[in-house]
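>>> A structural model of the following input is requested.
(one chain, ligands or ions: 1)
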Amino acid sequence: MIDMHMLPLVVALDCADASSALDFARRLDPRQCRLKVGKELFTTAGPALVEALQALGFEIFLDLKFHDIPNTVAGAVRAAAALGVWMVNVHASGGPRMLAAAAEAVADRSRRPLLVGVTVLTSMDASELRALGHKETPAERVLHLAALCAQAGLDGVVCSGEEASALRLQHAPDFLLVTPGIRLPGDTADDQRRVMTPRAAIAAGATYLVMGRSITGASDPLAALAAVRANLTGGS
Ligand code: C5P
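Residues are numbered from 1 along each chain as shown. Down below sits the predicted model:
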């Protein structure tokens with residue numbers, strides 16, 4: 001019997017065009033997972049695709065990682081809210097005024113998207129942070145940026161599973177920890193550097209898992225979802 005319960009999972013639809021995204025989405029079940037639309041797909045297919053995915057019943061995480069001056073980011077977040085997306089994100093390194101402007105832009109809406117701040121990309125490791133001139137370790141920098149997000153009134157952050165337990169100790173239980181860099185046991189890490197299994201990330205305090213290639217690259221995506229469910233419930 002197929003278990004239809006919603007997983008704490010957002011599938012990254014990192015497809016090149018609208019028709020492949022829609023074909024893939026139709027193979028999934030909106031009662032089981034949410035979908036993430038990122039930069040490549042949104043640049044190609046735009047709001048019309050987001051609306052088409054919503055019409056299929058999916059809640060959408062619009063992963064455009066806005067990073068600009070406060071006024072511009074506020075406008076972009078407001079536009080995402082008007083599109084009716086479930087979640088939207090901004091780069092925490094845009095700074096306190098940009099984060100506050102983003103939060104204020106959607107605060108008075110009756111139905112507003114969840115707003116999360118990207119801390120340190122899960123593809124980055126300590127050497128890349130050093131190359132950017134940052135003295136902090138990835139974990140220190142994630143904690144620092146997450147504190148700025150919380151102070152600005154964001155709903156949570158995007159972080160790797162590796163920082164989730166430290167963040168859980170510092171933030172309220174309802175502060176969202178959205179974790180990409182998730183791999184099933186045996187999967188390749190690809191370009192990700194700070195990876196974890198679904199079960200380990202949730203045990204560390206993650207609220208939502210973002211998974212792309214482990215699901216979109218599977219010959220049977222529903223079987224991959226079942227493998228995520230099995231991993232979460234301790235079956236694998
Ligand atoms: O295929 P994979 O599971 O690595 O995909 C991860 C997804 O999460 C990609 O869409 C990537 O853009 C996104 N992401 C990430 N790291 C962040 C934020 C988003 O990998 N910090």
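>>> what about the top helix by length along the chain, average pLDDT?
What stands out as the longest helix in the chain, according to DSSP state H, is helix 39-55. Helix 39-55 shows an average pLDDT of 97 in the prediction.
>>> and that helix, is it in reach of the ligand?
No. Figure legend: helix 39-55 not in contact with the ligand (C-beta under 6 Å from any ligand atom); closest approach 7.5 Å. The way it works is simple: take the backbone N, C-alpha and C, and place the C-beta from them, glycine included.
>>> do stretch 125-133 as well
No. Contact of stretch 125-133 with the ligand is not found when judged by C-beta under 6 Å from any ligand atom; the minimum separation is 12.6 Å.
>>> that older thread, now what about the next helix or strand after the longest helix of the chain, what contacts it?
Counting by DSSP states H and E, the element after helix 39-55 in chain order, helix or strand, is strand 60-66. For strand 60-66, contacts defined as C-beta atoms under 8 Å, 6 or more residues apart in numbering pick out 10, 12, 34-39, 42, 50, 53-54, 72-73, 76-77, 80, 83, 85-91, 94, 102, 113, 118, 178, 210.
>>> can you do 7 Å?
Judged by C-beta atoms under 7 Å, 6 or more residues apart in numbering, the contacts made with strand 60-66 from elsewhere in the structure are 10, 34-39, 42, 50, 53-54, 73, 76-77, 80, 85-91, 118.
>>> hmm, back to that, and the longest helix of the chain, how far from the chain's centre?
Its chain's average C-alpha position is 16 Å from that of helix 39-55, according to C-alpha atoms, centre = their mean, to the nearest Å.
>>> And that helix, what's buried?
In terms of neighbour count (16 or more other C-beta atoms under 10 Å), helix 39-55 has its buried residues at 41, 42, 45, 47, 49, 50, 53, 54.
>>> The ligand: which of the residues you listed is nearest?
For the ligand, the nearest member of those is residue 41. The distance, counting by C-beta to the nearest ligand atom, is 9.4 Å.
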